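Novice: sharing a sequence plus its predicted fold:
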Amino acid sequence: MKRGELKRWAKYILWCAVELELRDWSLTIASGPCIEEDAIAQVKPVYGRKLATITLAPGFEYRTREEQRQTIAHELIHLHWHGAREVMRVDVCQQMSQAVYDVADSAYVRAMEYGVDALADAIAKHLPLPDCAPRSTEGGH
Ligand SMILES: [Zn+2]
């Protein structure tokens, strides 16, 4: 993704973050590969801080605008659940064996993803569609 496109995405995402009551978070928007191969974006919060990086995977800009909007909403909603995720990841894990923790954490993450995605579906339609994608019909002469 070109730098100018990333800047436009950052503007849109930061605007959405305000709309989703995440004013107390400091966000960095980046482009690059995501940890999960099939993810088109990811959010990575910093432990103990309200700082996070949202990374847009290669090809994000070519997804449909509806999918882009839903994905941005999804990643932002994760930030509202960050505290609960840290309870599981940091606090609860100290009371379990690694094997039990692995099962519990996997189940927790799966349930959280279902909830986050359902909320993203419900909320995204109230956000404007992004107008950040490169225009494939530019020029023409
Ligand atoms: Zn997710």
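Specialist: Sure, I can see it.
Novice: residues near Leu79, how many?
Specialist: 22 (other CB atoms under 10 Å). For every residue, glycine as well, the C-beta is placed using N, CA and C.
Novice: verify the stated contact: it with Thr53.
Specialist: No - assessed by CB atoms under 8 Å, Leu79 is found out of contact with Thr53, at 11.2 Å.
Novice: need the residues touching each of the two.
Specialist: Both Leu79 and Thr53 are contacted by Val43, under the criterion CB atoms under 8 Å, 6 or more residues apart in numbering.
Novice: elements contacting the longest helix belonging to the chain?
Specialist: Longest helix in the chain, counting residues (DSSP state H): helix 98-124. Judged by 3 or more CB pairs under 8 Å, 6 or more residues apart in numbering; DSSP states H and E, the packing partners of helix 98-124 are helix 65-80, helix 82-86.
Novice: now do that helix against helix 65-80, angle only.
Specialist: In terms of direction (axes from the mean of the first three to the mean of the last three CA atoms, to 10 degrees), helix 98-124 departs from helix 65-80 by 130 degrees.
Novice: who's in contact with Arg89?
Specialist: Counting by CB under 8 Å, 6+ apart, Arg89 has contacts Asp105.
Novice: give me the neighbour count for Glu75.
Specialist: Residues lying near Glu75 (other CB under 10 Å) number 25.
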